[in-house]
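Q: fold the following and give me the result.
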Amino acid sequence: MVVLVERLAGRDLPPHGLLEPVRAQRGLEGGGVGHASSLRDIPGPAPRPRRGPPDPAHPGQKTSLKRHRHRCRNPCRQVASSPGSGRRPPGRPDAMRDPWPRQGDGWSMPPALPIRRARGSLPGAAGRTGADTGGAPRPRGEDHPMQRRTLLPGLAALPWAAAAIPAARGQPAAGPGWAPDRPIRMLVGFAAGGSTDTTARIVAQALTPALGQSVVVETRSGAGGNVASEAGARATPDGYTLVMGSMGTHAVNQSLYRSLPFDVARDFTPISLVALSHCLLVVHPSVPARSVAELLALARAKPGSLNAGTGGSGSSQHFALALFEHEAGVRFTQVHYRGGAPAMADLVSGRVELVFAPVVESLQQVRAGQIRPLGITRQERSPQLPDLPTIRETVPSYGFQSWLGVFAPAGTPAPVVERISTAIQAAMREPAMRSRMTELGYEPVGSTAEEFAGFQQAEIRRAAELVRISGATVE
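A: Down below sits the predicted model:
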């Protein structure tokens, strides 16, 4: 049309009817939107566009080729009036009018551009007819191939989405063959370098390759180990927080402290009993006794004349001493220190005469000849000191042991507990591990979770009796 106008603009034009055949052929009867209805509407020669066709809504103005292509490819987004009216939409005087008249329920398009369906519509949707879709209406209930391709993957994902709901709600989710995907921390309630910390690091080193993730020991000392125990009880039960517990933290403290912010049985899940620990009855070289029987005779001859050091009221050394006094019928002067190291230092220096010291903390001084061992608290003789008799050989009713075990927060999934417990059991069966634990004075165990749970219940009852016998208190 533009070319025709340009050719006729500079000539003597015939009457107005000359354009009627052209108008009828092009479908411009009544004045198409954006087109002149007669030659009188033509102001003069129209300039030739350089970048694209003229804007139909604003004759005489140029439009970019990019915008022209956008309008041709997206005609459904253009605002149009009724066919042949030549009017702009009400309230939108600046809106572009449609360059093509409407036909039926759809928009007529140039033959080179296919019809684009409205956004969100699908073939066979409700309200569409055969004229809309280019065929007969799809029977009710018949699925379109695209609908099936979209629906089936969603149905397949439903079980995975259901499994993710507990984790989204903050609940642990673990299936068979649990495998951790990030490092695991192991809480220790006593100072670094002590017997509990040393054992925890040995166990963590063995668990790292077995679980495929690093097991990091985290020390939180204080309040007789209750600081670490409380942190473990409040941790998320997902297997990524463990606690290296002991007889003191998970048996004695329940009776020793008037109130605890946790319950040693209800708020923890036992995983595995790692090892048993025993004490040596050692004396300063100045003490004339060279056996348990001679020490008892000396104590009975001068009641209270011998000073016995402990690691503090309520410590394993205190309970071993108090039980020995109770079963043997003797009395010593108890001297409580803040930890086993100060008590051992005063024993070596001669400020106290005897101490019930853990094997792991006293074996080095024994081998150096700084102190003299008289007996051991275990049921059988120690592999490290086979010539050292047990106290039980002199006092048959006596027997004392401490222990270390791994706990998890209550509610930890069974597959997680089983995986960690199995790894600890396997580690404790390794000859290299058993040899290392034995050298430190431990008796390696490696029990199942069920066995450890029953053992802990018995130890809680025994600890209550020890607290009563010893009269232990905490400040």
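Q: how near is R201 to L363?
A: Going from R201 to L363 by Cβ to Cβ, to the nearest Å gives 18 Å. All C-beta atoms are positioned from the backbone trio N, CA, C, and that covers glycine.
Q: kindly report the same for T422.
A: Using Cβ to Cβ, T422 is found at 31 Å from L363.
Q: now A293
A: For A293 relative to L363 (Cβ to Cβ), the value is 23 Å.
Q: where does V395 sit: helix, strand or coil?
A: coil (DSSP: H, G, I helix; E, B strand; the rest coil).
Q: now swap in the one 10 residues further on and tell me
A: When classified by three-state DSSP, G405 comes out as strand.
Q: my read: it touches A449, true?
A: No. Applying Cβ atoms under 8 Å, one finds G405 not in contact with A449, separated by 10.2 Å.
Q: which one's more surrounded, those two?
A: Neighbours per residue, other Cβ atoms under 10 Å: of G405 and A449, the larger number sits with G405, 27 against 22.
Q: which residue, other than its chain neighbours, is closest to that one?
A: Leaving aside its chain neighbours, G405 sits nearest to L273 (4.6 Å; criterion: Cβ to Cβ, 6 or more residues apart in numbering).
Q: try E325
A: Distance criterion Cβ to Cβ, 6+ apart; nearest residue to E325, sequence neighbours excluded, is R331 at 5.9 Å.
Q: could you say which helix or strand holds the one you found?
A: Using DSSP states H and E, R331 is not contained in any helix or strand.
Q: could you do T199 as well?
A: helix 195-211.
Q: show me what that helix is packed up against.
A: strand 184-188, strand 215-219, strand 241-246, strand 268-277, helix 359-367, strand 402-409, helix 414-429, helix 431-439 (3 or more Cβ pairs under 8 Å, 6 or more residues apart in numbering; DSSP states H and E).
Q: which residues touch it?
A: Applying Cβ atoms under 8 Å, 6 or more residues apart in numbering, the contact partners of helix 195-211 are 179-180, 184, 186, 188-191, 214-217, 219, 244, 246, 274-275, 277, 358, 360-361, 404, 406, 419-420, 423-424, 426-427, 430, 433, 436-437, 440, 442.
Q: from those, list just the buried residues.
A: 180, 184, 186, 188-190, 215, 217, 219, 244, 246, 274-275, 277, 358, 360-361, 404, 406, 419-420, 423-424, 427, 433, 437, 440, 442 (16 or more other Cβ atoms under 10 Å).
Q: A293 and L363: which has the busier surroundings?
A: Remark: of A293 and L363, L363 carries more neighbours, 20 against 15, as counted by other Cβ under 10 Å.
Q: now the more buried one, nearest residue through space, not along the chain?
A: Counting by Cβ to Cβ, 6+ apart, the residue nearest L363 is G441, at 5.6 Å.
Q: how about A464?
A: Spatially, and ignoring its direct neighbours in sequence, A464 is nearest to S255 (4.3 Å; Cβ to Cβ, 6+ apart).
Q: next, the angle from the helix or strand hosting E230 to strand 184-188.
A: Assigned by DSSP H and E, E230 belongs to helix 226-234. Going by axes from the mean of the first three to the mean of the last three Cα atoms, to 10 degrees, helix 226-234 is angled at 140 degrees with respect to strand 184-188.
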